[in-house]
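A.B. asks: Make a model of this:
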Amino acid sequence: MESQVKPEEKVLYQCVWCKRVFEKRMLKVGETVCPYCGFSIIRKARPMAAKLLITSELMKEQRLLTSS
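C.D. replies: This is a model prediction of the structure:
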């Protein structure tokens, strides 16, 4: 079987000043400034959807014991 190559996920950043969201490819190599306004503080943009995290196997066992 051939292995399927996963397409790279787009890494999104957000400017703290103008609030615009842009992709990592828009940044110049070695620079961390907003390509729109030039502000020097950017951060990774947060996704709109929440993630469900299961923290341990113990929690699954506790649910099984308490569900009866």
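
A.B. asks: Would you map the strands across this structure?
C.D. replies: 12-15, 21-23, 42-44 (DSSP state E).

A.B. asks: Now mean pLDDT and mean neighbour count too, for those, in a markdown table please.
C.D. replies: From N, CA and C alone the C-beta is placed, and that goes for glycine too. A markdown table is the format used below for those (pLDDT from 0 to 100; neighbours: other Cβ atoms under 10 Å):
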| stretch | mean pLDDT | mean neighbour count |
| --- | --- | --- |
| strand 12-15 | 93 | 17 |
| strand 21-23 | 93 | 12 |
| strand 42-44 | 93 | 13 |
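
A.B. asks: Quick one: closest of those to Ile54.
C.D. replies: Nearest to Ile54, of all the strands of the chain, is strand 42-44, at 23.5 Å by Cβ to Cβ.

A.B. asks: Name the strands paired with the closest one and say parallel or antiparallel.
C.D. replies: Each strand paired with strand 42-44, and its direction, by DSSP bridges: strand 12-15 (antiparallel).

A.B. asks: on that earlier part again, reformat the strands of the chain into CSV and put distance to Leu52 next to each item.
C.D. replies: Shown next, in CSV, are those (distance: least, Cβ to Cβ, whole Å):
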stretch, distance to Leu52
strand 12-15, 21
strand 21-23, 24
strand 42-44, 20
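
A.B. asks: Show residues contacting stretch 16-32.
C.D. replies: 10-15, 33-37, 39-43, 45 (Cβ atoms under 8 Å, 6 or more residues apart in numbering).
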